[in-house]
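Participant: below is the sequence, then the predicted model.
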Number of protein chains: 2
Amino acid sequence: MSTAFDFTSLFPSGLPPAAARWNGRVKFDFTGGNNDADSVPVEALIAAATAVIKREGRTLSTYGLDSGPQGYLRLREFLAGKLKAAAGMNCAADDILITSGSLQGLDLVNRTLLESGDTVIIEEDCYQGSINRLTKLGVTPIGVPLDGDGMRMDILANVLDDLKQKGKRAKYIYTIPTVQNPTATVMPVARRQEMLRLASAHGVAIFEDDCYADLTWSGERPPAIYALSDRANVIHIGSFSKSIAPALRVGFIVAPWDAMARMLALKTDGGSGALEQMVLAEFCAGNFAKHVPTLRRALRAKLETLTESLKQNFGGAVKFDDPQGGIFLWVTLPENVDTMKLYQSALAAGVAINPGPEWSVNKTRAKNRLRLCFASPSHEEISQGVATLAEVCRRDFGVAAK
Amino acid sequence: MSTAFDFTSLFPSGLPPAAARWNGRVKFDFTGGNNDADSVPVEALIAAATAVIKREGRTLSTYGLDSGPQGYLRLREFLAGKLKAAAGMNCAADDILITSGSLQGLDLVNRTLLESGDTVIIEEDCYQGSINRLTKLGVTPIGVPLDGDGMRMDILANVLDDLKQKGKRAKYIYTIPTVQNPTATVMPVARRQEMLRLASAHGVAIFEDDCYADLTWSGERPPAIYALSDRANVIHIGSFSKSIAPALRVGFIVAPWDAMARMLALKTDGGSGALEQMVLAEFCAGNFAKHVPTLRRALRAKLETLTESLKQNFGGAVKFDDPQGGIFLWVTLPENVDTMKLYQSALAAGVAINPGPEWSVNKTRAKNRLRLCFASPSHEEISQGVATLAEVCRRDFGVAAK
């Protein structure tokens, strides 16, 4: 073979670093939005796939099926009903755009509203994927600290006032109000109303990410911020990744038409995967309401295994608030622990964690924090993984002394 | 309700125009990569979905299944075998990245190699989606005319020399060598080798888009340009949209690792839809080789209906070369016909066509050309639609006089 062509000579500036080759899953994996394998509704998905392919399979010959570019109509109709019943939202199928996961939702909303140099307001501890997307766009995220009820409104008011004094306006307030990532807090109604009042007073939009909202332990949730607005100033996104399965890449955006029309123009992907939309719609119509409570119970049982394991292995060296739902626990270790370093040594021992600084815009405060996802590992893997993590912590930081 | 929030005040500059609301499909639709509904292998897809969900459904709980970020391993293994057998390509599963349709493939390759101000070389008459993507990126596409054997190598040589004299280097030569869109030509082996020679001499990469390559009438095809290269200077993309169904958004990229590693870093979508990948892999293993010839025969029969209808209704006013495969016909009308105007009046009469200037970088030469896609409309719709189109042409341009 002649000398191989050098593709690197063609790369534009600003390209992200090369990805590493995948080496398989880590033995004890407490990262990522992976879910409980035993809770995947296999038989019902087969029944749904069989029924919907038999009835409508021939429509796969057309981009967008018979539903057009906003996505499979029966799935949008299911969502309109579910969002009304669960979250109090008045939206029609035509207000909904099906996306390839809520990650595409994040991208479409950001590309529609943001450009380099913009400012947005987010929860200080926040989903890494959202923080990274803002950074790549050259957008400055201002973090607002959280308490047990989510984003603090007193500090949000100060941030908005500060920006006003500087002659700046944030493009949006990004919030995960219902099972916040990573704190797992649920923002009460009064605070949602206060956020709407502040946003209106400052002419700022709200970007509500509700992708964990189906997973509150109680099965109940406050109305969506979208539902409480009387000014149509909220863009709402959600997902089936957490309630059914993440490898099904199906999420959605609910937005006023003037914003939706621009997102549609940016969505040049020939539509999101139709088979997944069809199977989900068919499955959800008859099974969603039954499936989710079963999943919640399985998740809560795994959370109990995790918190028990943490108490047994770390004793008083570990602190966390009780999550109100979801698939992750936001953990604080003693101040001398640097979770960026812990991440490396734990990985070498077969345990993957999310280090706090990657899930916060306050890197200093998050130094000794970590996010532990508990939905995917088995009960046994949770116990063994936490024990291994504690050994690494003892060895490297002298904490969790027995 | 209070005054609605004005999202338009947040839009950055350079956003594409708002999309129009979807109003359903046009009665006689000769546009888009839609396929033959009767050829969708419904029963075999049901069997594949049932088998694969039963066997591996629980892996849907994990992003990337058990296969990692490059896509479902069994689908990549099927592709490696198929690309070897059909296109002579030596590539392993690890050289393949599954994408959400070949459109995501276009985006990932472009984002990895291009920036504003760059120059690329393309076929003069070319897929609209590829032209539009380059325009949006601020990249200049230089068109090379085609003849019955695809892109002309004598003109390509001149273009490369011209660029060299100006001290410029094109980033890549983009080509659809096997059933070119829209001309449906197939580039012979000797010309592929000449393209490789020229590309090497000028240090230019080749971007080979093979998404129609399964649909040659003969069932045979020349080796892929990727297969003929001894310098690993070709990035190859393909799709299942044309061979199975377009609403299944599954395509793929074959690329050297140094380029692949950057594309993977840019693919921040949590993976492409896993259920579609699983069902396709299961279906293809047992059915692809049988399915595609059946589909080809159905498509060729529709092409015959189309060419017969054109001859009957337009007589000597219409010219076209016999396509060597695919789903579209590139038609030339008399010089006084402006297909951008014809597009509007035909649409008003219920007939959708692709006007030539949207499928060419030579807008003047393509003024009286149009692309007619024949896979999706029924035989009866093809006949009626062509008759209606001819009526509009007679009325507005005085051509196809009876």
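Facilitator: Happy to help now that I have it.
Participant: which residues in the stretch 201-350 of chain A form strands?
Facilitator: Listed in chain order, the strands of the stretch 201-350 of chain A (DSSP state E, counting those that start in this stretch) span A:205-209, A:234-239, A:251-254, A:328-332.
Participant: and the contacts of the first one?
Facilitator: The reference is to strand A:205-209. When contacts are defined by CB atoms under 8 Å, 6 or more residues apart in numbering or on different chains, strand A:205-209 is touched by residues A:102, A:106, A:109, A:113, A:120, A:127, A:130, A:171-177, A:195-196, A:199, A:224-226, A:229, A:233-238, B:5, B:7, B:10. C-beta coordinates here come from the backbone N, C-alpha and C atoms, glycine included.
Participant: name the nearest residue to A:Val204, ignoring sequence neighbours.
Facilitator: Nearest non-adjacent residue to A:Val204, counting by CB to CB, 6 or more residues apart in numbering or on different chains: A:Ala170, 5.2 Å away.
Participant: so who does that neighbour touch?
Facilitator: A:Ala170 sits in contact with A:Thr119, A:Val120, A:Ile121, A:Ile142, A:Val159, A:Leu160, A:Leu163, A:His202, A:Val204, where contact means CB under 8 Å, 6+ apart.
Participant: ok, A:Leu163 to A:Tyr172 distance?
Facilitator: 12 Å (CB to CB, to the nearest Å).
Participant: quick one, which of the two is more surrounded?
Facilitator: A:Tyr172 (25 against 17; other CB atoms under 10 Å in any protein chain shown).
Participant: quick one: contacts for the more buried one?
Facilitator: A:Leu113, A:Val120, A:Ile121, A:Val204, A:Ala205, A:Ile206, A:Phe207, A:Ile235, B:Leu10.
Participant: list the beta-bridge partners for the second one.
Facilitator: The bridge-partner assignment for A:Val120, based on DSSP bridges, gives A:Pro141.
Participant: would you convert the strands of the stretch 201-350 of chain A into TSV that also reports mean pLDDT and mean neighbour count?
Facilitator: Output for the strands of the stretch 201-350 of chain A, formatted as TSV (pLDDT from 0 to 100; neighbours: other CB atoms under 10 Å in any protein chain shown):
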stretch	mean pLDDT	mean neighbour count
strand A:205-209	98	26
strand A:234-239	98	27
strand A:251-254	98	26
strand A:328-332	98	23
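Participant: what does the stretch 251-400 of chain A put close to chain B?
Facilitator: A:255-259, A:261-262, A:264-266, A:268-276, A:279, A:375-376 (CB under 8 Å from any CB of the partner chain).
Participant: and if you look at the stretch 101-250 of chain A?
Facilitator: Residues of the stretch 101-250 of chain A lying near chain B (CB under 8 Å from any CB): A:101, A:103-104, A:107, A:112-115, A:118, A:129, A:132-133, A:171-172, A:200, A:205, A:230-233, A:241, A:245-250.
Participant: okay, the residue lying closest to A:Glu124 once chain neighbours are set aside: pLDDT?
Facilitator: Sequence neighbours aside, A:Gly143 is the residue nearest to A:Glu124 in space, at 3.4 Å (criterion: CB to CB, 6+ apart). Among the per-residue scores, A:Gly143 holds a pLDDT of 98.
Participant: can I see the domain layout of chain A?
Facilitator: A:23-40+A:291-397, A:42-287 (automatic domain parsing).
Participant: residue ranges with poor pLDDT in chain A?
Facilitator: A:1-2, A:400-402 (pLDDT under 70).
Participant: can you give me the helices for it?
Facilitator: In chain A, the helices defined using DSSP state H lie at A:42-56, A:73-87, A:101-113, A:128-137, A:153-165, A:189-202, A:225-228, A:257-266, A:274-314, A:339-348, A:379-397.
Participant: what is the longest one packed up against?
Facilitator: For helix A:274-314, the helices and strands in contact under the criterion 3 or more CB pairs under 8 Å, 6 or more residues apart in numbering or on different chains; DSSP states H and E are helix A:42-56, helix A:73-87, strand A:328-332, helix A:379-397, helix B:274-314.
Participant: rewinding a little: for PyMOL, write a command that selects the buried ones of the residues of the stretch 101-250 of chain A next to chain B.
Facilitator: Restricted to buried positions by 16 or more other CB atoms under 10 Å in any protein chain shown, the PyMOL selection for those reads:
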select buried, chain A and resi 101+103+104+107+112+113+114+115+118+129+133+171+172+200+205+231+232+233+241+245+246+247+248+249+250
